[in-house]
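In: Fold the following and give me the result.
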Amino acid sequence: SDSAASRSETRSDATSDTSARQASLNAAGGDIVSVALGLTGIPYVYGGESLGGLDCSGLVKYAYAAAGINLPHNSSAQTAGGTIVSDPQPGDIVSYPGHVAIYIGGGQMVEATVPGRLSQISPVRAGATYVRYN
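Out: Predicted coordinates for the structure are as follows:
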């Protein structure tokens with residue numbers, strides 16, 4: 001019974017962490033960069049688009065949805081649907097073949113990378129295409 005108690009305590013801690021994270025994301029007021037920064041530290045889950053787990057296009061979809069922009073959950077479609085730009089601005093999508101992230105300025109991006117890693121801030125790597133939705 002001790003293990004059941006500790007399990008439920010862990011689960012409620014996770015729930016309150018998610019609730020607190022959701023509250024701070026709501027307070028970001030639709031700013032894509034603020035939301036993206038609020039999505040760091042979430043486990044990678046293939047096909048995920050929630051605070052419980054995200055993949056790369058799920059993270060982009062989630063951040064853009066907070067700004068009222070509904071994107072497909074597919075990195076190629078997210079890239080194809082916007083306008084390619086050469087002057088990246090914070091909030092633009094950073095696109096690579098099979099991967100997307102959110103540009104946050106200063107040569108940095110927020111991305112969900114691979115299973116076993118948490119979403120994180122990373123330097124933009126060579127070969128990026130920048131995509132803007134207006």
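In: In stretch 59-78, which of the residues would be classed as buried?
Out: L59, V60, K61, Y62, A63, Y64, A66, A67, I69, L71, S75, Q78 (16 or more other C-beta atoms under 10 Å). Every residue, glycine included, has its C-beta placed from N, CA and C.
In: okay if I get those as TSV plus pLDDT?
Out: Formatted as TSV, those follow (pLDDT from 0 to 100):
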residue	pLDDT
L59	98
V60	98
K61	97
Y62	95
A63	95
Y64	95
A66	87
A67	87
I69	93
L71	97
S75	98
Q78	98
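In: and these, which of them are in helices?
Out: Residues of the buried residues of stretch 59-78 located in helices (DSSP state H): L59, V60, K61, Y62, A63, Y64, A66, S75, Q78.
In: between these, which is nearest P43?
Out: Among these, L59 lies closest to P43 (C-beta to C-beta), at 11.5 Å.
In: Tell me which residues touch the closest residue to the closest one other than its chain neighbours, please.
Out: Distance criterion C-beta to C-beta, 6 or more residues apart in numbering; nearest residue to L59, sequence neighbours excluded, is A112 at 4.6 Å. Contacts for A112 (C-beta atoms under 8 Å, 6 or more residues apart in numbering) come out as I42, Y44, L54, D55, C56, G58, L59, S119.
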